[in-house]
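Participant: Any chance you can model this:
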Amino acid sequence: MSGKKTVFIAFAKEDEASRNLFTGQRVSARTPFEFIDMSVKEPYETQWKERVRTRIRRSDGVIALISASTPRATGELWEIKCAVEERKPLLGIWLEDYRTKPAEMGSAPCKAWTWDTVAQFIDGL
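Facilitator: Down below sits the predicted model:
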């Protein structure tokens, strides 16, 4: 694996616990990948979209956590659309049994949450 990559994590606010678990796995000694988390932990009150777009531009890639909450998560859907517009490598990670890919993902894949899947995406950035 090459050096640390910068990854923006898009997620629905309702999935914050899953995001914390996802980003927390990068510190485990057994995890075969590492990355710097650029996700937005708190919604910005002003100029939110401009600041998020800047973070996405600075990232090597974007991982979107896809769940049953995603279709109603306008912020997450905008982040996914922004990643596509900025031509960033994008990977959707299914949470639990939910398997409906948002149209905003375009041709980007959605895959099950495994260390190998995440490592392969990050190593390819």
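
Participant: For burial, what's the neighbour tally of the closest residue to residue 73 other than its chain neighbours?
Facilitator: Nearest residue to residue 73, sequence neighbours excluded (CB to CB, 6 or more residues apart in numbering): residue 12, at 3.5 Å. Yep, even glycine has a C-beta here, placed from its N, CA and C like the rest. Neighbours of residue 12 under the rule other CB atoms under 10 Å: 23.

Participant: ok, residue 12 touching residue 77?
Facilitator: No. With contacts counted by CB atoms under 8 Å, residue 12 stays clear of residue 77, the gap being 9.1 Å.

Participant: Mutual contacts of the two, please.
Facilitator: The contact sets of residue 12 and residue 77 overlap at residue 70 (CB atoms under 8 Å, 6 or more residues apart in numbering).

Participant: Report the separation between residue 25 and residue 19.
Facilitator: Computed with CB to CB, to the nearest Å, the distance linking residue 25 and residue 19 is 11 Å.

Participant: Regarding the residue nearest to residue 73, what are the backbone dihedral angles?
Facilitator: In this entry, residue 12 is assigned phi and psi values of phi -80, psi 140 (degrees, to the nearest 10).

Participant: Which residues are in contact with it?
Facilitator: Residues near residue 12 by CB under 8 Å, 6+ apart: 65, 67, 69-70, 72-73, 75-76.
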